[in-house]
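Asks: Structure, please.
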Amino acid sequence: MKALPSQVTLVEVGPRDGLQNEAQPVSTEHKLGLIERLHEAGCREIEVTSFVSPKWVPQMADAADVMQGLQRRSGVRYSVLTPNLKGLEAALRQQPHEVVVFGAATEAFSQRNINCSIAESIERFAPVVAAAHEAGVKVRGAISCALGCPYQGEVSADEVERVVRLMKDIGVDHCGVADTIGTGTPRAAQAALERALKHYPLAEVSGHFHDTYGQALANILACLELGIATFDTSIAGLGGCPYAKGATGNVATEDVVFMLHGMGIATGLNLDRLVDAGAWISGVLGRPPVSRVARALLAKRGVAAPVAAA
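Replies: Numbering: from 1, shown residues only. Below you'll find the model as predicted:
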């Protein structure tokens, strides 16, 4: 076990991964309002939006408007999801610092979701990676369903490593390992991340954990023990799990920050401001934050999350 990191980078994915599955439309104004509040909380890595077909993800139809409306802050890196060349071309016009591509760890998930094999998906990503690099933009790869698949069930570390290798082969700069359905547990999380570390340096490996089964914080702690110091989190726990109805999705930024600060690990984030941001966007959506820390601190303040018109 390595010494725990003294500082951790949290990539805030609420504006993209958190909001993309919301059934009710979230206005561009409210998305920009959330990002501004994340700025105020100290967020320096923000996944802003996704350049995908509005037919498949209508919530992200305003991707260009969101990017154009950003009040960019010095020292903040803005990333966007780009699943294909068309999406990348649209994204590059908005000057993101990083683009993200997603590949599945299982053939079953790849076939059910994008109608192609893992190998075929990598072939699709290869020109995206090349074009991004030509434009001087970093590429982050994420391996979905790395700790469990809704169709296959358990996923082996060998299956994860296969996709890690494929992403490395096409030049992906950073490897994120994602527990998409939230069924992973700490030893499995370590096993999957260790496979990524065989092919990528420590600074270019990250974890993305969903809290569907309440394992996200334990999994993050397990990865900290490997020296991993970058994790995706979502303000207010935005982002449900589409494969487990009514279940929570992304681990809440507030909960992770509370744990890390309690361990003496720096994040550069202001917890009270994060709670404010999470309460505000939850109010926009008409529900309380999923974050347990946010609920506890709001109760301590004697206030409830405001409900705003969406």
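Asks: so residue 8 touches residue 230, yeah?
Replies: Yes: here residue 8 reaches residue 230: they are 7.1 Å apart, a contact under CB atoms under 8 Å. For the C-beta atoms, the positions are set from N, CA and C on the backbone; glycine is no exception.
Asks: report the longest helix in this structure, please.
Replies: Using DSSP state H, we find that the single longest helix of the chain is helix 118-134.
Asks: After that helix, which helix or strand is next? Please name it.
Replies: Past helix 118-134, further along toward the C-terminus, the next helix or strand under DSSP states H and E is strand 138-144.
Asks: Packing partners of that following strand?
Replies: Counting contacts by 3 or more CB pairs under 8 Å, 6 or more residues apart in numbering; DSSP states H and E, strand 138-144 packs against strand 98-104, helix 118-134, helix 157-169, strand 174-179.
Asks: circling back to that earlier point, pull the distance from the longest helix of the chain to the chain's centre.
Replies: 20 Å (CA atoms, centre = their mean, to the nearest Å).
Asks: Could you export that helix as CSV, CA atoms only?
Replies: Output of helix 118-134 as CSV, limited to C-alpha atoms (Å, rounded to 0.1, in the frame of the first residue of the first chain):
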residue,chain,number,x,y,z
ILE,A,118,-15.4,-3.2,-28.2
ALA,A,119,-12.9,-3.4,-31.0
GLU,A,120,-15.2,-1.6,-33.4
SER,A,121,-15.8,1.2,-30.8
ILE,A,122,-12.0,1.7,-30.5
GLU,A,123,-11.7,1.9,-34.2
ARG,A,124,-14.3,4.7,-34.1
PHE,A,125,-12.4,6.5,-31.4
ALA,A,126,-9.0,6.3,-33.1
PRO,A,127,-9.6,9.2,-35.6
VAL,A,128,-11.2,11.2,-32.7
VAL,A,129,-8.0,10.9,-30.7
ALA,A,130,-5.8,11.7,-33.6
ALA,A,131,-7.8,14.8,-34.6
ALA,A,132,-7.9,16.0,-31.0
HIS,A,133,-4.2,15.7,-30.6
GLU,A,134,-3.7,17.5,-33.9
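Asks: isn't residue 110 right next to residue 119, touching?
Replies: No: taking contacts as CB under 8 Å, residue 110 lies outside contact range of residue 119: 9.1 Å.
Asks: In terms of helices and strands, where is residue 273?
Replies: Per DSSP H and E: helix 271-285 holds residue 273.
Asks: contact partners of that helix?
Replies: 14, 22, 24, 26, 30, 33-34, 37-38, 40-42, 235-238, 252-254, 257-258, 261, 288-289, 291, 293-294, 297-298, 305-310 (CB atoms under 8 Å, 6 or more residues apart in numbering).
Asks: can you check stretch 141-152 too?
Replies: Residues lying outside stretch 141-152 but in contact with it, judged by CB under 8 Å, 6+ apart, are 100-109, 112, 125, 154-155, 160, 163-164, 167, 172-185, 188-189, 192, 196, 208, 219, 243.
Asks: Next: stretch 60-77.
Replies: By CB under 8 Å, 6+ apart, the list of residues contacting stretch 60-77 reads 15-16, 20, 28, 31-32, 35-36, 39, 43-46, 48-52, 54, 78, 80, 90-91, 93-98.
Asks: partner residues bridging residue 12?
Replies: residue 46, residue 233 (DSSP bridges).
Asks: tell me the contacts of residue 170?
Replies: When the contact criterion is CB under 8 Å, 6+ apart, the partners of residue 170 are 122, 125-126, 129-130.
Asks: Filter the residues you listed down to the buried ones.
Replies: Buried subset of the contacts of residue 170 (neighbour count, 16 or more other CB atoms under 10 Å): 122, 125-126, 129.
Asks: about what we covered before: rebuild the helices and strands packed on strand 138-144 as a markdown table, extending it with distance to residue 276 and mean pLDDT.
Replies: Compiled in a markdown table, the helices and strands packed on strand 138-144 are given as follows (distance: least, CB to CB, whole Å; pLDDT from 0 to 100):
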| stretch | distance to residue 276 | mean pLDDT |
| --- | --- | --- |
| strand 98-104 | 26 | 95 |
| helix 118-134 | 34 | 96 |
| helix 157-169 | 37 | 98 |
| strand 174-179 | 27 | 97 |
